[in-house]
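Undergrad: Structure, please.
(2 chains)
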Amino acid sequence: DAKTTQPNSMESNEEEPVHLPCNHSTISGTDYIHWYRQLPSQGPEYVIHGLTSNVNNRMASLAIAEDRKSSTLILHRATLRDAAVYYCILRGMGGGSEKLVFGKGTKLTVNP
Amino acid sequence: GAGVSQTPSNKVTEKGKYVELRCDPISGHTALYWYRQSLGQGPEFLIYFQGTGAADDSGLPNDRFFAVRPEGSVSTLKIQRTERGDSAVYLCASSWTGTGTDTQYFGPGTRLTVL
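TA: Now for the predicted structure:
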């Protein structure tokens, strides 16, 4: 599975935008970029995913670099509830792609 | 609607004992996954079911770990002769089909402590 690199931790203030980076220089052409997050004492939850184009949903936006070697998860206005560990995960489409391969993720702290 | 549920939420056992952890997936989801999460680490894949069959069990650490899903819905993760190193949060997830873009929905986990 292709590897991703994320900062260990980031800090933000409430109601400010947050940009969470992810590097995936060995991404293959069929790998999707997925983001999950894990709130304290909960299981991970899906945030967003994309292939080549930028994506928006009610939770966040995903900006994907033109060469696809990096991406950024954007929380437009952080709230205290967004404090979590954010995982950037690559998933292919072939056999073996069913499982999620988690790294250590980025722990986001949101200050009031 | 109901999400993925796991029981028990906490399990404390003694070294050498046998434990069973249960997962109730979202109704209609054909794919079911087990992960294990140690403190400070991301979840680590254990096994994936498609229907009743284990399609990928490459993450099971050794033969003390076994999982079943006899009717294609509820799954049980079984650990024999537990060791202190088995202490972790065991997470279950389910999804509609199991394909690479399919969203996985996670349960709250079972915290296993082996004394």
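Undergrad: hey, which helix or strand in chain B has the poorest pLDDT?
TA: strand B:53-56 (a mean of 93; mean pLDDT, DSSP states H and E).
Undergrad: Follow the chain on from that one and name the next helix or strand.
TA: With elements assigned by DSSP states H and E, the helix or strand that comes after strand B:53-56 is strand B:65-68.
Undergrad: what does that next one contact?
TA: B:34, B:46-47, B:49, B:54, B:57, B:60, B:75-80 (CB atoms under 8 Å, 6 or more residues apart in numbering or on different chains). In short, each C-beta sits where N, CA and C put it, glycine included.
Undergrad: likewise stretch A:8-18?
TA: Counting by CB under 8 Å, 6+ apart, A:20, A:74-80, A:82, A:104, A:106-112 sit against stretch A:8-18.
Undergrad: what about burial for the residues you listed, which qualify?
TA: A:20, A:74-75, A:78, A:82, A:106-108, A:110 (16 or more other CB atoms under 10 Å in any protein chain shown).
Undergrad: From the chain's centroid, how far away is the least confident helix or strand of chain B?
TA: 13 Å (CA atoms, centre = their mean, to the nearest Å).
Undergrad: Equivalent analysis for stretch B:55-65, please.
TA: From the chain centre to the centre of stretch B:55-65 is a distance of 11 Å (CA atoms, centre = their mean).
Undergrad: hey, what's the residue minimising distance to the centre of chain B bridged with?
TA: Using CA atoms, centre = their mean, the residue of chain B that lies closest to the mean C-alpha position is B:W34, 3.1 Å off. With DSSP bridges applied, B:W34 shows beta-bridge pairing to B:I47, B:C92.
Undergrad: Same check on A:W35?
TA: Here A:W35, judged by DSSP bridges, has bridge partners A:I48, A:C88.
Undergrad: tell me the contacts of it?
TA: Neighbours of A:W35 in contact, by CB under 8 Å, 6+ apart: A:22, A:46-49, A:60, A:62, A:73, A:86-89.
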